[in-house]
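K.L.:
Sequence first, predicted coordinates after that:
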Amino acid sequence: MDLEKIKEFQREFAKERDWEQFHTPKNLSMALSVEASELLEIFQWLTAEQSSELKGSDKEKVSEELADITYYLIRIADITGIDLEDAVWKKMKKNAEKYPVEKAKGNAKKYTEL
């Protein structure tokens, strides 16, 4: 995924439509939450097995919601000046420290309960 290319596209897309005025961290965060909820709605009444075996239009809906979520996530990072790739790697390092393999392997407990 070329984040820089996506950011440039998003900047131009918003500028052409005079949407920059609406793309505040608050508004974009709210939009991200809405899109995440739309993703949840797709899976809401499916069994675990059904959710793992999406096909056809259901898979396409998930694809579109993931794209929307990614769009807003990248846009928020751009607007706030956060290097998203760097943030992900730093967070994964913290997660590795909070969830050491010898304590976390095979369970879903929160790190405070390990």
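P.N.:
Sure, I can see it.

K.L.:
Got the domain ranges for this protein?
P.N.:
3-82, 84-114 (automatic domain parsing).

K.L.:
Can you say which of those domains is packed in most?
P.N.:
Of the domains of the chain, the one with the most neighbours on average (mean count of other CB atoms under 10 Å) is domain 3-82, at a mean of 13. For glycine as for every other residue, the C-beta is placed from the backbone atoms N, C-alpha and C.

K.L.:
for the record, mean pLDDT for that domain?
P.N.:
In this model, domain 3-82 has an average pLDDT of 97.

K.L.:
how far does it sit from the chain's center?
P.N.:
7 Å (CA atoms, centre = their mean, to the nearest Å).

K.L.:
could you dump stretch 83-99 to PDB, C-alpha only?
P.N.:
Extracted C-alpha coordinates of stretch 83-99, given in PDB (Å, rounded to 0.1, in the frame of the first residue of the first chain):
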ATOM      1  CA  ASP A  83       3.300   9.000  10.300                       C
ATOM      2  CA  LEU A  84       0.900   6.100  10.300                       C
ATOM      3  CA  GLU A  85       3.500   3.500   9.400                       C
ATOM      4  CA  ASP A  86       5.800   4.600  12.200                       C
ATOM      5  CA  ALA A  87       2.800   4.700  14.600                       C
ATOM      6  CA  VAL A  88       1.900   1.100  13.700                       C
ATOM      7  CA  TRP A  89       5.400  -0.200  14.200                       C
ATOM      8  CA  LYS A  90       5.800   1.600  17.600                       C
ATOM      9  CA  LYS A  91       2.400   0.200  18.800                       C
ATOM     10  CA  MET A  92       3.300  -3.300  17.700                       C
ATOM     11  CA  LYS A  93       6.500  -3.100  19.700                       C
ATOM     12  CA  LYS A  94       4.500  -2.000  22.800                       C
ATOM     13  CA  ASN A  95       2.000  -4.800  22.200                       C
ATOM     14  CA  ALA A  96       4.900  -7.300  22.000                       C
ATOM     15  CA  GLU A  97       6.100  -6.100  25.400                       C
ATOM     16  CA  LYS A  98       2.600  -6.200  26.900                       C
ATOM     17  CA  TYR A  99       1.800  -9.600  25.400                       C
END
